[in-house]
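Q: build me a model:
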Amino acid sequence: MNPRDYIDLRIEQLKLKGTDTASQALGTLLAWILIIAIALMVLTVLAFGGILLLGKALDNYALGAFIVGGALLLVLIVLWLFRKNMFRGTFIRLLSDERDVRELERAKELNAVRLMDAESSDWSGAGSLGLRALRILLRLAARR
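A: Predicted coordinates for the structure are as follows:
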């Protein structure tokens, strides 16, 4: 394997990492959008109906408003506490085809094996020094 192939493999590996990070970020963003949309709908419908119902039953609409607000706040807290478990993995699976996820994992593994082969190859002289410098530069670029 020559240095150009090594560079191509490293670039491919960085692209795969970027795809993985982007899908996680998109899943998190969509989870937030869904939580906010549901919270607004629930707040509007239940608050309106609940305030009227409890206010009439208690002869105090303000007390009905506080009771309904507290219940909705409790629901929002539960959603907040379990947001990672409920939404992140689900949205990643929904947005990306299961086949795409398997192909991504297989490509990551294949590139890791190729990189290990490339790093263990016995290159000599200036090519080896240049490749070491390139590895250092790629690691620094990946950290940023």
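Q: contacting residues for Leu138?
A: 10, 14 (CB atoms under 8 Å, 6 or more residues apart in numbering). The C-beta positions use only the backbone N, C-alpha and C, and glycine is treated the same way.
Q: quick one: average pLDDT of the strand or helix carrying it?
A: For Leu138, the element it lies in under DSSP states H and E is helix 125-143. Averaging pLDDT along helix 125-143 gives 62.
Q: again with stretch 62-78
A: 88.
Q: ok, and what's touching that stretch?
A: Under the criterion CB under 8 Å, 6+ apart, residues 39, 42-43, 46-47, 50-58 lie in contact with stretch 62-78.
Q: show me which of those residues are buried.
A: For the contacts of stretch 62-78, a neighbour count by 16 or more other CB atoms under 10 Å gives the buried set as 43, 46-47, 50-51, 54-55.
Q: so which of the residues you listed sit within helices?
A: Using DSSP state H, the members of the buried ones among the contacts of stretch 62-78 that fall in helices are 43, 46-47, 50-51, 54-55.
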